[in-house]
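# sharing a sequence plus its predicted fold:
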Amino acid sequence: AERLHGDDTTVPVLARGKTVTGRAWVYVRDDAPFGGDRPAALFKYSRDRRGEHPIEHLDGFAGILQADAYSGYNQLYEAEHPTGAIRPAFCWAHARRKFYELADIAKSARRGKRAPPLSPLALEAVKRIDAVFDLERDINGRPPDERHRVRRETVRPLVDDLQAWMRAHRAELSRHAPLAKAMDYMLKRWAGFIAFLDDGRICLTNNAAERALRGLALGRRSWLFAGSDRGGHRAAVIYTLIVTAKMNGIDPQAWLADVLARIADLPQRQLPELLPWNWSPAAEQSQAA
């Protein structure tokens, strides 16, 4: 892939007399926003969240990484990285969320007197960011060069105005103010946030990775914890297979059952036929023959 989405989430892991918090990492190839195909997800497991893990996971990769602003990725963006610097493209949904929490009227009403005062400036920031999202929806699925052209003509002016607006109001705020922190999250990483304006392949958000993690996050309520580190690694393999199958619009159970039934007798040169984006059930192949 020339561009990946990356994210991670917690995984409870059974330890002696307790559970500890491991991490599940995911890297997603999804080029559907500009007409691509063959989506895939790769899951990894680790006992902790140290930055050495994404460095190991992405060894040999050179391209664009769409992610949040987790500092563990920072070494990947340095020029001395073995495969060359990976370009960061930060997630606008993460940035929007920080402003939205300060302007959420419904949540504030539920909290009653304990709720902090609503911020009119945060609400204005949400409106400005939503205007960018509205334009992006219109170009979803179009070729990269067309996305780039539309962004240059219609999206860039909105983004430039947003930056100027934030800088003007940031100067009036204390550095400890929640709104100042929301603004700094974007302003201090501005190059990564505007990377999408110069490359039609880049998405506005990292939602592809978040969607891939959704099943795992919901599953924690059912399976409660991984039994060991080995269990965590095995779960990562299983999630890789299941989520990739789903991304390609096929039933994971039907696909895995068919693959397990056929793989032992299939010549090695034909193994790519079993990949989710190439697969068709054995019954359909028999009928076609």
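Everything's here; your move.

# which SSE is G6 in?
In the assignment (DSSP states H and E), G6 maps to strand 3-15.

# so where is the stretch 1-150 of the chain shaky, pLDDT-wise?
Under the criterion pLDDT under 70, the flagged ranges of the stretch 1-150 of the chain are 79-84, 105-117.

# and the helices in it?
52-57, 92-100, 105-111, 120-138, 144-150 (DSSP state H, counting those that start in this stretch).

# and R170, which of these is closest to it?
With CB to CB as the criterion, R170 lies closest to helix 120-138 of the helices of the stretch 1-150 of the chain, at 9.8 Å. Bear in mind the C-beta positions are built from the backbone N, C-alpha and C, glycine included.

# which residues touch the spatially most central residue of the chain?
Taking CA atoms, centre = their mean, the centroid of the chain lies closest to A209, which sits 2.9 Å from it. Counting by CB atoms under 8 Å, 6 or more residues apart in numbering, A209 makes contact with H5, G6, D7, V26, Y27, V28, Q66, A67.

# and L4, by the same measure?
Y27, V28, R29, L58, F61, G63, I64, L65, Q66.

# list the contacts for the first one?
Meaning Y27. By CB under 8 Å, 6+ apart, the residues touching Y27 are L4, H5, G6, A41, L42, K44, H57, L58, A209.

# what sits against the fifth one?
Each residue near L42 by CB under 8 Å, 6+ apart is listed here: V26, Y27, V28, H57, T240.

# now it: how far from H57?
As for L42, its distance to H57 is 8 Å (criterion: CB to CB, to the nearest Å).

# now the first one
Counting by CB to CB, the gap between L4 and H57 amounts to 10 Å.

# I figured R87 was touching A195, is that so?
Yes - with contact defined as CB atoms under 8 Å, R87 and A195 form a contacting pair (6.5 Å).

# anything in contact with each of the two?
I64.

# what is the neighbour count of the residue lying closest to R50 once chain neighbours are set aside?
Once flanking residues are discounted, R50 sits nearest to G72: 6.7 Å by CB to CB, 6 or more residues apart in numbering. Counted with other CB atoms under 10 Å, the neighbours of G72 add up to 17.

# for G72, give me its contacts.
Taking CB under 8 Å, 6+ apart, we find G72 in contact with R49, R50, G51, H53, P54.

# ok, now with 10 Å
Counting by CB atoms under 10 Å, 6 or more residues apart in numbering, G72 makes contact with D8, R23, W25, R49, R50, G51, E52, H53, P54, I55.

# let's see if you can find the most crowded of these.
Neighbour counts for those, by other CB under 10 Å, peak at P54, which reaches 26 neighbours.

# that one against D68, yeah?
No - P54 is beyond contact range of D68, at 11.9 Å (criterion: CB atoms under 10 Å).

# joint contacts of those two?
By CB under 10 Å, 6+ apart, the residues touching both P54 and D68 are G6, D8.

# and the pLDDT for Q285?
Note for Q285: predicted pLDDT of 60.

# numbering from 446 from now on, please.
Yes, from this point I'll number from 446; that puts the last item at Q730.

# okay, now V571: neighbour count?
Neighbours of V571 (other CB under 10 Å): 20.

# now D452: closest residue in space that isn't a chain neighbour?
For D452, the closest residue by CB to CB, 6+ apart turns out to be A654, at 3.7 Å.

# and for F578?
L649 (6.8 Å).

# three-state assignment of that neighbour?
coil (DSSP: H, G, I helix; E, B strand; the rest coil).

# that one against L603, yeah?
No - in this structure, L649 is not within contact of L603 by CB under 10 Å, at 11.9 Å.

# shared neighbours of these two, anything?
Common neighbours of L649 and L603 (CB under 10 Å, 6+ apart) are I574, V577, L580, R596.

# quick one on the thing from earlier: which of the residues in the strand holding G451 are buried?
By neighbour count with 16 or more other CB atoms under 10 Å, strand 448-460 contains the buried residues R448, L449, H450, G451, D452, D453, V456, P457, V458, L459.

# can you check stretch 628-636 too?
M628, Y630, M631.

# local confidence estimate at the second one?
Put plainly, it is Y630. Y630 is assigned a pLDDT of 97 by the prediction.
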